[in-house]
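In: Got a predicted structure here, sequence first:
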Amino acid sequence: MRRLILLLALAPLTTTALAAEEPERVVMKLEEFLKLYEQTKDRPDDPEQAPRPFSIASARYSGEVLLDDEEAKSASFTATMRVDVLKDKGWVRVPLLPVSVALSSARIGNVEAPVVIEGGFYTLVTDRQGAFDVDLEFATSVYTSEGSSGLSFQLVGSGATEVELAVPAADALDFTIANSKLQEERVQGDMRVVTATLPATGSLSVSWQREIPEAAEQESRVYAEVYTLVGLGDGLLTATSTIHHTILFEGVDELKVQVPDDMTLLDVKGGGVRDWVVEDDQLSVTLNYAAEGAYPLTLELEKLVGEGDLVVNAPIPVPVGVERSKGWVGVQALGNLEIVGGEAVGAGSVDVRSLPAAILGITTQPILLGYKYLGADATVPLKVTQHDDVEVLVTLLDQAQATTMWTTDGRRLTSVRYQVRNNRKQFLRLGLPDDAELWSASVGGRAVQPAMAGDGRVLIPLVRSQASGGSLAAFQLEVVYVEKGVAPDAGGRGTFRATLPQADVPATYVAWTVYAPWDAKIKPKAIESSLQNVE
């Protein structure tokens with residue numbers, strides 16, 4: 001049999017004791033030791049503590065409004081709260097009701113419950129364990145203002161919250177319970193009773209007023225205001241119309257609009273538009289809900305009218321089935337057109353600055369004409385005159401600075417630097433002097449490959465200037481070329497004659513610096529030039 005010998009020291013370990021006597025021995029079977037070891041190893045740790053000392057599983061409130069001289073002044077409530085103490089031992093504090101109500105009784109079974117006021121709440125102080133019910137009786141005030149009555153007080157957090165309130169009333173009542181998820185109403189004798197389920201936390205807020213009879217409801221009435229922006233340009237007549245509907249009483253889920261003759265409806269925009277269709281120039285818009293109050297509907301229309309001089313009528317959509325409609329029209333030109341208003345019928349001319357923001361706010365072009373009308377029979381003729389476009393300067397040379405070096409053998413090496421502002425021109429055309437040989441060309445600091453035009457001029461490819469502070473920024477273009485010349489005669493006399501390249505765009509400032517050989521003598525009166533001579 002296997003045996004395990006354990007040495008147990010039963011006396012304090014001192015030097016004298018170790019030398020004097022041997023410790024006692026305990027002999028134990030191996031199987032017994034292993035069993036004892038396993039029991040010790042598997043001993044559970046301390047149990048996990050509850051995350052909070054208590055919980056309120058449910059809270060059910062039942063109340064009745066009390067009348068004083070036929071007027072609601074207060075309400076009495078009974079409440080049952082299911083409290084579960086999760087703490088193993090000791091005292092816990094459980095808030096029950098806010099101090100804004102008047103607590104008259106708190107019981108656990110048939111025993112008065114110990115309740116104190118802490119932190120603005122009636123608070124239960126108990127050392128009970130497990131789950132138990134707390135029965136409460138309390139009262140709260142009822143307010144009445146402008147025909148509506150109600151009550152409100154704060155609730156403690158609970159897993160499930162239900163409320164029932166009975167109000168004595170001969171007439172039907174319309175109840176409103178804030179944040180209620182389920183709400184039911186019933187008649188019980190001469191009482192109007194409402195029950196509801198509320199979220200776990202928050203407050204109880206109930207209001208009621210006399211219910212409006214069904215007979216008082218009226219059919220829907222719709223009023224419309226139409227804001228139309230008309231644009232003319234490139235042979236096209238466009239219109240953007242926003243129809244603001246005001247829907248009273250019952251909601252509507254279908255709107256109708258008469259589309260102007262020969263206009264193509266491109267798009268219909270509005271909240272909850274399910275479908276739209278045009279039949280016999282009448283637009284029918286179906287919504288996926290019954291719209292009430294304010295509802296805007298936007299139409300995009302266009303029509304080909306051709307170019308040249310013509311007379312067209314401003315397209316004005318007309319709402320169908322409305323009580324009353326009125327509208328405004330703004331006219332803008334989208335090209336080099338002259339637009340003059342004709343004799344309007346059913347509409348009057350207005351200052352364009354007085355047009356509504358629904359027209360002025362959707363365009364950056366200037367509004368030329370403005371009209372206002374009432375009803376559905378307005379006609380606004382427009383006389384259009386087409387004018388020819390005039391070419392404008394698209395490229396400008398801010399500066400042209402030339403430097404020429406004149407050698408003793410008559411050769412001339414010239415560098416010209418241009419500061420260019422270019423909008424959309426593709427090439428700068430340069431007419432170089434006769435017999436000039438182009439050595440290099442660069443634009444914006446990068447070498448470019450010039451081309452030769454049919455008329456002999458050099459084409460330098462350009463880039464488009466970047467916008468800077470509301471204007472075009474200039475970039476640098478440089479060309480370098482060399483010309484053959486005639487050397488001085490045997491007597492040392494010679495002539496320097498040169499011209500700068502001729503560009504196809506104007507230059508604002510031109511400067512030319514000429515370097516002559518060191519030993520050349522030039523008399524001031526011998527210089528003739530189209531530029532001003534400076535030192």
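Out: That came through, no problem. Everything numeric in this text was worked out from a predicted model, so none of it was measured. Residues are numbered from 1 along each chain as shown.

In: Residue 250: neighbour count?
Out: Residue 250 has 12 neighbouring residues, counting by other Cβ atoms under 10 Å. Where C-beta positions appear, they are placed from N, C-alpha and C, glycine not excepted.

In: same thing with residue 459?
Out: With other Cβ under 10 Å as criterion, residue 459 counts 17.

In: Look up which helix or strand it falls in, please.
Out: strand 458-461 (DSSP states H and E).

In: buried residues in that strand?
Out: Residues of strand 458-461 classed as buried by neighbour count (16 or more other Cβ atoms under 10 Å): 458, 459, 460.

In: Any idea what the first one is bridged to?
Out: Right, the one you point to is residue 458. Counting by DSSP bridges, residue 458 forms beta bridges with residue 430, residue 452.

In: After whichever strand or helix holds residue 38, which helix or strand is next?
Out: Element membership of residue 38 [criterion: DSSP H and E] is helix 30-41. Next along the chain after helix 30-41, taking DSSP H and E as the criterion, comes strand 54-68.

In: Which SSE is immediately downstream of that next one?
Out: With DSSP H and E, the next secondary element past strand 54-68 is strand 71-85.

In: Report all helices and strands that that next one contacts.
Out: strand 54-68, strand 92-98, strand 130-141 (3 or more Cβ pairs under 8 Å, 6 or more residues apart in numbering; DSSP states H and E).

In: winner for burial among those strands?
Out: strand 92-98 (a mean of 19; mean count of other Cβ atoms under 10 Å).

In: what angle sits between that strand and strand 71-85?
Out: 160 degrees (axes from the mean of the first three to the mean of the last three Cα atoms, to 10 degrees).

In: quick one: strands adjacent to strand 92-98?
Out: For strand 92-98, pairing defined by DSSP bridges yields strand 121-126 (antiparallel).

In: which of the residues in the partner strand are buried?
Out: Neighbour-count burial for strand 121-126 [16+ other Cβ under 10 Å]: 121, 122, 123, 124, 126.

In: cool, and stretch 398-415?
Out: 400, 401, 402, 404, 406, 412, 414, 415.

In: Quick one: distance of stretch 183-201 to the chain centre.
Out: A distance of 41 Å separates the centroid of the chain from that of stretch 183-201, by Cα atoms, centre = their mean, to the nearest Å.

In: Identify the residues contacting it?
Out: 64, 155-170, 172-173, 175, 177, 179-182, 204, 206, 208 (Cβ atoms under 8 Å, 6 or more residues apart in numbering).

In: Can you show me the CA trace of that stretch as CSV?
Out: Only the C-alpha atoms of stretch 183-201 are listed here, as CSV (Å, rounded to 0.1, in the frame of the first residue of the first chain):
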residue,chain,number,x,y,z
GLN,A,183,-53.9,53.3,-23.8
GLU,A,184,-57.5,52.2,-23.4
GLU,A,185,-60.7,54.1,-22.4
ARG,A,186,-64.0,52.9,-21.1
VAL,A,187,-67.2,54.1,-19.4
GLN,A,188,-67.9,52.7,-16.0
GLY,A,189,-71.1,54.1,-14.5
ASP,A,190,-70.8,57.8,-14.4
MET,A,191,-67.0,57.6,-14.6
ARG,A,192,-64.7,57.9,-17.6
VAL,A,193,-61.8,55.5,-17.0
VAL,A,194,-58.5,55.5,-18.9
THR,A,195,-55.7,52.8,-18.5
ALA,A,196,-52.2,53.0,-19.9
THR,A,197,-48.8,51.4,-19.8
LEU,A,198,-45.9,53.7,-19.3
PRO,A,199,-42.1,53.5,-19.8
ALA,A,200,-40.0,52.3,-16.8
THR,A,201,-38.9,55.8,-15.7
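
In: circling back: could the buried residues of stretch 398-415 be laid out in CSV, adding pLDDT?
Out: Below are those laid out as CSV (pLDDT from 0 to 100):
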residue, pLDDT
400, 95
401, 96
402, 95
404, 93
406, 87
412, 91
414, 95
415, 96
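
In: Now do the residue lying closest to residue 87 once chain neighbours are set aside against residue 93, distance only.
Out: Leaving aside its sequence neighbours, residue 87 sits nearest to residue 53 (Cβ to Cβ, 6 or more residues apart in numbering; 4.2 Å). Here the distance between residue 53 and residue 93 works out to 8 Å (Cβ to Cβ, to the nearest Å).
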